[in-house]
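Student: Below: sequence and its predicted model.
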Amino acid sequence: MNPTDLDELARRASERDPDAFAQLYEEHLDTIYRFVTYKVSHATVGEDLTAEVFLNAWDGIHRYQYREMSFYDWLIRIAHEVTTDYQRGNR
């Protein structure tokens, strides 16, 4: 999918369009899962945290500003926060 299409989907998703968000989910699921699993070094935990990332993204999608950063970068920021919280809780 080209960046313009992703920008349009992100714009629609920020207006709470579930179909647009579902397409963004499909587009980014594998990348976010790999990022999270790399950070926590456990596949099952990675699956749970990936789900948490996308739940947090859906909950906060109305605050996403598609002109300031790409949706991917926004998701990575959420994923970083989720994995950091997980790691802090498991020390």
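Tutor: Great, that's in hand. Numbering: from 1, shown residues only.

Student: show me the contacts for A20.
Tutor: Counting by C-beta atoms under 8 Å, 6 or more residues apart in numbering, A20 makes contact with L9, A10, R12, A13. C-betas here are computed from N, CA, C, even on glycine.

Student: Can you tell me, leaving aside adjacent residues, what's nearest to it?
Tutor: Ranked by C-beta to C-beta, 6 or more residues apart in numbering and with sequence neighbours excluded, the top spatial neighbour of A20 is R12, at 3.6 Å.

Student: any idea which element the one you found lies in?
Tutor: helix 3-14 (DSSP states H and E).

Student: Give me the buried positions along that helix.
Tutor: Neighbour counts using 16 or more other C-beta atoms under 10 Å place L6, L9, A10, R12, A13, S14 of helix 3-14 among the buried residues.

Student: pretty sure the second one is touching Y25, no?
Tutor: Which is L9. No. The pair L9 / Y25 is not scored as a contact, 10.1 Å apart, by C-beta atoms under 8 Å.

Student: so where does the residue nearest the centre of the chain fall, helix or strand?
Tutor: Centroid-nearest residue in the chain, with C-alpha atoms, centre = their mean: L75, separated by 3.3 Å. Using DSSP H and E, the element containing L75 is helix 71-89.

Student: relative orientation of that helix and helix 3-14 in degrees?
Tutor: Here the directions of helix 71-89 and helix 3-14 differ by 60 degrees (axes from the mean of the first three to the mean of the last three C-alpha atoms, to 10 degrees).

Student: Quick one: residues in contact with helix 71-89.
Tutor: For helix 71-89, contacts defined as C-beta under 8 Å, 6+ apart pick out 6-7, 9-10, 13, 24, 28, 31-32, 35-36, 39-40, 45, 49-50, 52-53, 56-57, 60, 64, 69.

Student: Generate a PyMOL selection restricted to the buried subset of the residues you listed.
Tutor: This is the PyMOL syntax for the buried subset of these, where burial follows 16+ other C-beta under 10 Å:
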select buried, resi 6+9+10+13+24+28+32+35+36+39+40+45+49+50+52+53+57+64
